[in-house]
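Colleague: coords please:
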Amino acid sequence: MTHYILVHGAWEGAWSWNETRPTLEQNGHKVTAVALPGSPENEQNLSQVTMNSYVQAVVEAINQADGQVKLVGHSLAGAIISQAAEQVPDKVEKLYYVAAFLLQSGDSILEAMQRDPDGEFLPELTFAEDQSYATASETTWRSKAFHDVSEKDIQGALSYVKDLPQSTEPFVTKVVVTDENFGRVPKAYIRTSLDKMVSPKLQDEMLGNWKVDQIHTLEAGHFPTLSLPTQLAELLL
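Modeller: Coordinates of the predicted model:
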């Protein structure tokens, strides 16, 4: 039995893994879906929603597990799982990046998004006057994120993400990882070839940052957790 710890991305919650986890559990594995600070299942003041609070929530989940875990991160959570593995590398059997940010030390998610020539989500965001949070409209979610998702699943996701404020601090915080710790943990990357949020071009750029043992591609937009959850789960097995 493997213990999978699933980590959601920005604007999301543990709910986003609801369609993916059954396949893992049906194959006899244990699954923990972390609810990051500020998510619907773990509401916090925006000032408390930081990259450090994200990383510590995941490290806590790892340390509560018996033995090693397989750590899965979607989107923004790529930066989270990298830094969690940096702190407890011996507890992490493998890292899985799902359309996720696999960054070099000193890089930030915002910087990566800004250099993505095909990224269509960032320009559509509405930022608070003090830049502390950002929101996205239903139109943006539908056209840039959920364009290959069923209407039923779009409605379910929109009930969580539409106009939800997302702290910007995790986007601007630079990732800190080392070859000695994070670098030695085995890695797999699941590309999403129809992605408008983290474009295939940016994904391929990030694949050059570190040694990645396995690379898979799903013909999906940014949320295979919603559009191809069974196929995604099978790649994690």
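Colleague: CA only for contacts and neighbour counts going forward, please
Modeller: OK.
Colleague: what ranges do the helices span in this protein?
Modeller: 21-26, 51-64, 77-87, 109-114, 138-140, 151-161, 169-172, 200-207, 224-227, 229-236 (DSSP state H).
Colleague: Can you list the buried residues in the shortest one?
Modeller: Going by neighbour count (16 or more other Cα atoms under 10 Å), the buried part of helix 138-140 is 138, 140.
Colleague: swap in the first one?
Modeller: Taking 16+ other Cα under 10 Å as the neighbour-count basis, helix 21-26 is seen to contain the buried residues 21-25.
Colleague: which of those lies closest to residue 74?
Modeller: residue 21 (13.6 Å; Cα to Cα).
Colleague: what's the closest non-adjacent residue to the closest one?
Modeller: Closest residue to residue 21 apart from its sequence neighbours, by Cα to Cα, 6 or more residues apart in numbering: residue 31 at 6.7 Å.
Colleague: Residue 170 too?
Modeller: residue 51 (4.3 Å).
Colleague: out of everything not next to it in sequence, what's closest to the residue most central in space within the chain?
Modeller: Geometric centre of the chain, nearest residue: residue 74, 2.3 Å, by Cα atoms, centre = their mean. Excluding its sequence neighbours, the residue lying closest to residue 74 (Cα to Cα, 6+ apart) is residue 98, at 4.7 Å.
Colleague: what does residue 114 give?
Modeller: In space, residue 114 is closest to residue 122, 7.8 Å off (Cα to Cα, 6+ apart).
Colleague: Settle this for me: the one you found is touching residue 111, isn't it.
Modeller: No. With contacts defined as Cα atoms under 8 Å, residue 122 does not count as touching residue 111, sitting 11.1 Å away.
Colleague: These two - which one has more neighbours?
Modeller: Ranked by neighbour count (other Cα atoms under 10 Å), residue 122 and residue 111 place residue 122 first, with 17 against 13.
Colleague: Can you tell me how far the nearest residue to residue 142 once chain neighbours are set aside is from residue 106?
Modeller: Setting aside the residues directly before and after it, residue 142 is nearest to residue 154 in space (Cα to Cα, 6+ apart), at 7.5 Å. Per Cα to Cα, to the nearest Å, residue 154 is found 35 Å from residue 106.
Colleague: Report how many residues lie close to the residue nearest to residue 74.
Modeller: Around residue 98 there are 31 other residues, counting by other Cα under 10 Å.
Colleague: Let me see the contact set for it.
Modeller: 72-75, 78, 189-192 (Cα atoms under 8 Å, 6 or more residues apart in numbering).
Colleague: do the same with residue 188
Modeller: Neighbouring residues of residue 188 by Cα under 8 Å, 6+ apart: 94-97, 212-216.
Colleague: nearest to residue 161, of the residues you listed?
Modeller: residue 97 (21.5 Å).
Colleague: which ones are touching that closest one?
Modeller: Contacts of residue 97 (Cα under 8 Å, 6+ apart): 72-75, 78, 187-190.
Colleague: just curious, which of those residues is nearest to residue 196?
Modeller: For the contacts of residue 97, the nearest to residue 196 is residue 75 (12.0 Å; Cα to Cα).
Colleague: State the distance from that closest one to residue 3.
Modeller: For residue 75, the distance to residue 3 - Cα to Cα - is 21 Å.
Colleague: So for the residue of the chain positioned farthest from its centre, what's the pLDDT?
Modeller: What lies farthest from the middle of the chain is residue 129; by Cα atoms, centre = their mean that is 26.2 Å. Predicted confidence (pLDDT) for residue 129: 98.
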